[in-house]
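Student: I'll drop the sequence and a predicted model, then ask my questions.
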Amino acid sequence: MAVDIQRAHDLAARIPSDFVLGFATSSWQIEGSSQSRGRSIWDDFSETPGKVLDGATADPACDHLNHIPDDLDLIKDLGAKAYRFSFSWPRVIHDGIGSVSAAGLDVYDRLVDGVLERGLAPYATLYHWDLPSALQEKGGWLNPDSDKWFADYAHLVAEHFGDRIDTFATLNEPWVSAFLGYAAGIHAPGEKNAAASLEVFYRLMVASGHGIQALRAAGAKNPGLVLNLTTIIAEDNEVAEQAQLIDGLQNRMFLDLLAGRGLPDDVVEGTSSITDWAFVTPQGLDMAAEPLEWLGINYYTPTRVASTGEDAGKIVGQGDSVYPGIAGVSFVPKNPRTAMGWEIHAESLTTTLVATAERLPGVPLYVTENGAAFDDVVTPEGIHDLPRVDYYDSHIHAALDARDQGADLRGYFAWSLFDNLEWAEGWTKRFGVVRVDADTQKRTPKDSALFLREVYSSVP
Ligand code: FCB
């Protein structure tokens, strides 16, 4: 038997019956069918030689758009109560602004109706990094009108789908868009400009706030935002100050803007040689502080900082120069690590959730992504991905520990349903609980999927 039933039941026994349990995906990573939509910055980036490790591009990905009913059956069969997916902005509006694609809306009508028919709750993200290329040509997120483009798109989607989707997230992980996209340059659009990255961070948060307003105006009940937050661990006293600034750049500046506290002083000071933040306006800060109904947290690994170490200056799997203003520190993940090189440290999920609940009180939290890539071994008897089972077991326990400590945690989504296009890593890093063969498109649930099915379907 591939599943340790007792282990699954011990975990399920801790989960409250109204806790939302599901799987997460994103449009560019799974959809395929890129010819029937507008282009996005991830098409441009992935088609540039050398940007994606194995040269993978948007097609076929998981060819999901040609497998919607079967894929939704699979989600249902795995015991999920909810499905977190994202809309592709350039599928809905090819150029990001202007004429709306009826065919694009039809794709998501079929998806959303299929989700509802199976009794699953849709958790829809409006922007998971696939900015329409036509908007990038206008300056992308650096354009001061970008929040209006986004708000118009959000309004349109909520008007069309608001009768069927309660829960929307505006953005997925604006930290990644800003700092991997504009500082480290390892994500689309591939810029290495620290000053621009800080401005993009700010404009994304304004856009999210404007999007929340637009969603509400169109009648959406439950608008929120998804951030990648984590615990920063200083390994020695020499880096205490740097670790504090890293915490500011990773966590506090997002939560402070949301809470209406403006930018943290230490972040403004620590980045003063890079930017004077002259682009920040009182209206923008007000917009960014538009109240959320919920906050999603994507958590994978802590950030462990030391004064010396083997990977001096680099965050494993994320390149260097990720944190503008930070130099002279090393990022030192301990073992065990995943195939991404990310340290496995479930306690940091607990501390991240508890700290977030303290910094942004009164906002319900969800773990909207959590999971791990491993080099899976395929055998005729199945894919026995015990390290991934261990990861899920320990991290779901850790999330429930945060709840026990008072965090208002309402749900958990595993990343990811499928092996998929892992951005700059292409197919080389597999996060799925279901294996996908990119050539045959065959889906094979791994032992981790069977474990989560047992957990999800055993909640009292
Ligand atoms: C997150 C992304 C998601 C996936 C995981 C591994 O940062 O939101 O799309 O790539 O990491």
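Tutor: Perfect, thanks for sending it.
Student: confidence score at the nearest residue to Ile5 once chain neighbours are set aside?
Tutor: Closest residue in space to Ile5, ignoring its immediate chain neighbours: Glu454 at 6.2 Å, by C-beta to C-beta, 6 or more residues apart in numbering. C-beta: built from backbone N, CA, C; applies to glycine. Per-residue confidence (pLDDT) for Glu454: 98.
Student: again with Ile68
Tutor: 98.
Student: what sits against it?
Tutor: Neighbouring residues of Ile68 by C-beta atoms under 8 Å, 6 or more residues apart in numbering: Arg110, Leu111, Gly114.
Student: and the chain, which residues reach the ligand?
Tutor: Ser26, Gln29, Asn172, Glu173, Val176, Asn228, Asn298, Glu369, Trp415, Glu422, Trp423, Phe431 (C-beta under 6 Å from any ligand atom).
Student: just the ones of those residues in strands?
Tutor: Judged by DSSP state E, strands contain the following of the residues of the chain next to the ligand: Asn172, Asn228, Asn298, Glu369, Trp415.
Student: reformat those residues as CSV; add pLDDT.
Tutor: CSV is the format used below for those (pLDDT from 0 to 100):
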residue, pLDDT
Asn172, 99
Asn228, 98
Asn298, 99
Glu369, 99
Trp415, 98
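Student: what residues are up against the closest residue to Leu180 other than its chain neighbours?
Tutor: Nearest residue to Leu180, sequence neighbours excluded (C-beta to C-beta, 6+ apart): His187, at 3.9 Å. Counting by C-beta under 8 Å, 6+ apart, His187 touches Phe45, Trp129, Val176, Ser177, Leu180, Gly181, Trp423, Ala424.
Student: and if you look at Ile396?
Tutor: With C-beta under 8 Å, 6+ apart, Ile396 has these contacts: Leu11, Ile15, Tyr412, Val455.
Student: in a markdown table: those residues, plus distance to Ile75 and neighbour count.
Tutor: As requested, the contacts of Ile396 are exported to a markdown table (distance: C-beta to C-beta, whole Å; neighbours: other C-beta atoms under 10 Å):
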| residue | distance to Ile75 | neighbour count |
| --- | --- | --- |
| Leu11 | 20 | 22 |
| Ile15 | 18 | 20 |
| Tyr412 | 15 | 25 |
| Val455 | 15 | 26 |
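Student: from these, pick the one nearest the ligand.
Tutor: Within the contacts of Ile396, proximity to the ligand (C-beta to the nearest ligand atom) peaks at Tyr412, which comes in at 15.1 Å.
Student: in terms of helices and strands, where is that closest one?
Tutor: strand 409-415 (DSSP states H and E).
Student: could you do His9 as well?
Tutor: helix 5-12.
Student: next secondary structure element downstream of that helix?
Tutor: strand 20-24.
Student: what is the helix holding His9 packed up against?
Tutor: Packed against helix 5-12 by the contact rule (3 or more C-beta pairs under 8 Å, 6 or more residues apart in numbering; DSSP states H and E) you find helix 386-404, helix 447-458.
Student: how about the strands in the stretch 1-150 of the chain?
Tutor: 20-24, 82-86, 121-127 (DSSP state E, counting those that start in this stretch).
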